[in-house]
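A.B. asks: the sequence isn't on hand, but the structure is:
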């Protein structure tokens with residue numbers, strides 16, 4: 001596992017679930033790609049959005065049981081993503097209802113990793 005850069009792109013999603021508002025920020029590992037152009041014989045390299053490697057979450061009141069659970073879920077997901085576990089594999093472990101909707105906070109966050117928001 002390589003170290004993450006100090007600065008990286010993040011995207012935040014805000015949603016409500018079971019009467020509570022949540023803010024989920026996903027951090028991305030940058031990937032560098034050559035544009036095909038050169039300057040003084042050196043290739044021009046630009047960053048692009050790489051895979052999700054970190055999850056930060058805000059929701060219930062800090063210090064509450066719900067807040068602690070949310071932090072534990074986000075931290076565990078971040079560690080798995082940094083170890084190379086694909087977001088879809090994390091989401092596949094979530095409990096789902098009859099029509100496929102996530103039944104738990106873990107499931108909601110896991111689906112957010114895959115671009116599916118409640």
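C.D. replies: Received the coordinates, thanks. All of these numbers come straight from a predicted model, not from anything done at the bench.

A.B. asks: okay, which residue is most central for this structure?
C.D. replies: Using Cα atoms, centre = their mean, the residue of the chain that lies closest to the mean C-alpha position is residue 26, 3.5 Å off.

A.B. asks: next structured bit after the lengthiest helix in the chain?
C.D. replies: Ranked by residue count under DSSP state H, the longest helix found in the chain is helix 65-82. Next in sequence after helix 65-82, counting helices and strands by DSSP states H and E, comes helix 87-92.

A.B. asks: after that next one, which helix or strand is next? Please name it.
C.D. replies: Downstream of helix 87-92, the first helix or strand assigned by DSSP H and E is helix 105-113.

A.B. asks: just give me how far that next one sits from the chain centre.
C.D. replies: Its chain's C-alpha centre and that of helix 105-113 lie 9 Å apart, by Cα atoms, centre = their mean, to the nearest Å.

A.B. asks: equivalent analysis for stretch 108-118, please.
C.D. replies: The chain centre lies 8 Å from the centre of stretch 108-118; the measure is Cα atoms, centre = their mean.

A.B. asks: residues of it that come out buried?
C.D. replies: If you call a residue buried by 16 or more other Cβ atoms under 10 Å, then stretch 108-118 has these buried ones: 108, 109, 110, 111, 112, 113. Any C-beta I mention is one placed from the backbone N, CA and C, and that applies to glycine too.

A.B. asks: re earlier: buried ones in the longest helix of the chain?
C.D. replies: Within helix 65-82, the residues scored as buried using 16+ other Cβ under 10 Å are 69, 70, 73, 74, 77, 78, 80, 81, 82.

A.B. asks: for these, which one is nearest residue 48?
C.D. replies: residue 81 (17.7 Å; Cβ to Cβ).

A.B. asks: and residue 3, how close does it get to residue 32?
C.D. replies: 16 Å (Cβ to Cβ, to the nearest Å).
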